[in-house]
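Trainee: need a structure here:
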Amino acid sequence: MSPRPRKGRTTPARRPPARRRTRRPGRRRQRADDRLIGLLAAAFFAVALVVTVVDWLLAHWWILAVVGGLGVLAGGGRLHSKKQRARWEAVRAQGLRYGLSQLDALHHSRFEDAVRDLMRRDGCPDAVRVGGGGDLGADVKATDPYGRRWVIQCKHRRNGLAGSAVGTPDLQVLNGTARQVHGADVAVIVTNGRVTRPAVAFAEQQRLHVVDRHTLGVWASGSRPLWELLRAVPPPRKPTARS
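Mentor: Residues are numbered from 1 along each chain as shown. Below is the predicted model of the structure:
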């Protein structure tokens with residue numbers, strides 16, 4: 001007799017093995033081929049376009065000549081205009097004049113520009129305004145025709161003589177940086193206001209130069225250079241036609 005199957009136990013049905021998803025490299029390869037074909041086609045059309053343009057220009061060479069001539073004329077016109085502006089700027093600088101009322105009305109940064117322009121008028125083409133944060137006591141720098149290096153600190157007072165006076169602390173800042181930091185031969189402080197007597201005495205002791213309101217008025221409204229208005233200016237560094 002065959003054994004009877006036990007009740008309550010069923011044999012589990014075998015599941016078919018899960019199929020692994022296989023990557024299809026064909027699609028990626030097809031995309032790469034399509035991109036390559038697109039790039040080759042774009043390169044071919046670009047080369048064909050360049051060749052077509054070159055052939056057309058060679059056949060119409062006179063257009064290149066006209067364009068080149070126009071470019072030369074435009075460049076010459078710009079150069080002539082630049083030289084003309086430089087001539088007018090030189091004429092304007094030679095006749096530059098300021099009145100004290102004009103200087104009083106300026107913003108402090110424009111006052112520094114005016115001092116720079118006056119130095120250029122006097123024959124210092126490299127005069128530059130460097131005033132601003134961290135200027136270390138130098139608002140204007142310039143080299144005069146005699147080779148001397150000027151470092152100028154500007155103190156503008158909107159109220160002129162009624163404004164606060166320039167004192168010894170202002171001169172001390174200039175004295176501490178003009179020669180050591182900026183390499184000045186001539187260290188100057190320029191103001192459209194007042195200068196205290198102790199500041200003037202300190203300047204004389206330290207070989208600093210003070211341009212007060214009176215001296216500024218003479219300098220700005222005339223044609224004499226600043227070094228002809230100041231005393232004890234260092235001798236020239238190099239001989240010139242003026243020496």
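Trainee: Using the three-state scheme, assign S164.
Mentor: coil (DSSP: H, G, I helix; E, B strand; the rest coil).
Trainee: what's near enough to touch the closest residue to C154 other than its chain neighbours?
Mentor: Take C154 and drop its neighbours on the chain: the residue closest to it by Cβ to Cβ, 6 or more residues apart in numbering is D139, 4.3 Å away. Quick note: C-beta positions are derived from backbone N, CA and C, even for glycine. By Cβ atoms under 8 Å, 6 or more residues apart in numbering, D139 lies in contact with 112, 115, 129-131, 152-154.
Trainee: Quick check: phi and psi on D139?
Mentor: For D139, the backbone dihedrals (degrees, to the nearest 10) come out as phi -100, psi -30.
Trainee: And it, what's its pLDDT?
Mentor: Turning to D139, the model gives it a pLDDT of 95.
Trainee: Look up how far V128 lies from it.
Mentor: 10 Å (Cβ to Cβ, to the nearest Å).
Trainee: for L100, same thing?
Mentor: Distance from L100 to V128, by Cβ to Cβ: 24 Å.
Trainee: and if you look at G222?
Mentor: Distance from G222 to V128, by Cβ to Cβ: 23 Å.
Trainee: hmm, back to that, from the contacts of D139, which has minimum pLDDT?
Mentor: Least confident by pLDDT among those: that is G131, with 67.
Trainee: next helix or strand past the least confident helix or strand in the chain by mean pLDDT?
Mentor: Every helix and strand of the chain was ranked by mean pLDDT, DSSP states H and E. The lowest is helix 61-94, at a mean of 71. Counting by DSSP states H and E, the next helix or strand C-terminal to helix 61-94 is helix 100-104.
Trainee: measure the residue nearest to C154 to A165 for me?
Mentor: Remark: distance between D139 and A165 (Cβ to Cβ) = 18 Å.
Trainee: repeat for L174
Mentor: Distance, L174 to A165, by Cβ to Cβ: 15 Å.
Trainee: Ramachandran angles for V195?
Mentor: Torsion angles, degrees, to the nearest 10, at V195: phi -130, psi 130.
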